[in-house]
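Chemist: 3D model of this:
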Amino acid sequence: MADGELRRDPASRGPREGRDAEGAASDVEDAQESDAARRRRRAQFLRELHEAKQLRDRVQPRRARAARMRQQMRMRTFRW
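Modeler: This is a model prediction of the structure:
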């Protein structure tokens, strides 16, 4: 059989009736677990980013001071 015939033939894909009963519960559990894992990865990334910014500010004090001055100027000229 050609590849196209395998894709179109639903019998060649295998049984699916067992997945519907237990699959719904495991999908919700997987979604919660992956959401928690995503939050952990995001928190770790943000910690590392903050640490990298602090390191950059320590090793480049002139650039850090200029960035602080620009930020202050932006805040002074911002209108609500």
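Chemist: every contact and neighbour count from this point should use C-alpha atoms.
Modeler: Will do.
Chemist: got a list of contacts for stretch 63-79?
Modeler: Defining contact as Cα atoms under 8 Å, 6 or more residues apart in numbering, one finds that stretch 63-79 is touched by Arg56, Asp57, Arg58.
Chemist: now that stretch: average pLDDT?
Modeler: Here stretch 63-79 scores 90 as its mean pLDDT.
Chemist: related to what we said a few turns ago, now, which of the contacts of stretch 63-79 sits nearest Arg41?
Modeler: Using Cα to Cα, Arg56 comes nearest to Arg41 of those, at 22.4 Å.
Chemist: could you find the closest non-adjacent residue to the closest one?
Modeler: Ala64 (7.9 Å; Cα to Cα, 6 or more residues apart in numbering).
Chemist: any idea how far Ala36 is from the one you found?
Modeler: 34 Å (Cα to Cα, to the nearest Å).
Chemist: the two - which one has more neighbours?
Modeler: Ala64 (16 against 12; other Cα atoms under 10 Å).
Chemist: what's the next secondary structure element after the lengthiest helix in the chain?
Modeler: In the chain, with assignment by DSSP state H, the single longest helix is helix 17-59. Moving toward the C-terminus from helix 17-59, the next helix or strand (DSSP states H and E) is helix 61-77.
Chemist: between that next one and helix 17-59, how many degrees?
Modeler: Using axes from the mean of the first three to the mean of the last three Cα atoms, to 10 degrees, the inter-axis angle of helix 61-77 relative to helix 17-59 is 110 degrees.
Chemist: and Asp57, how many neighbours?
Modeler: 15.
Chemist: spit out the contact partners of it.
Modeler: Counting by Cα under 8 Å, 6+ apart, Asp57 makes contact with Arg63, Ala64.
Chemist: quick one: the residue nearest to Arg56 and Phe45, what's the gap?
Modeler: To Phe45, Ala64 is 22 Å away according to Cα to Cα.
Chemist: and for Ala52?
Modeler: 10 Å.
Chemist: Arg79 now?
Modeler: Counting by Cα to Cα, the gap from Arg79 to Phe45 is 32 Å.
Chemist: which one of the two has more residues nearby?
Modeler: Between Arg79 and Phe45, counted using other Cα under 10 Å, Phe45 has the larger neighbour count: 12 against 6.
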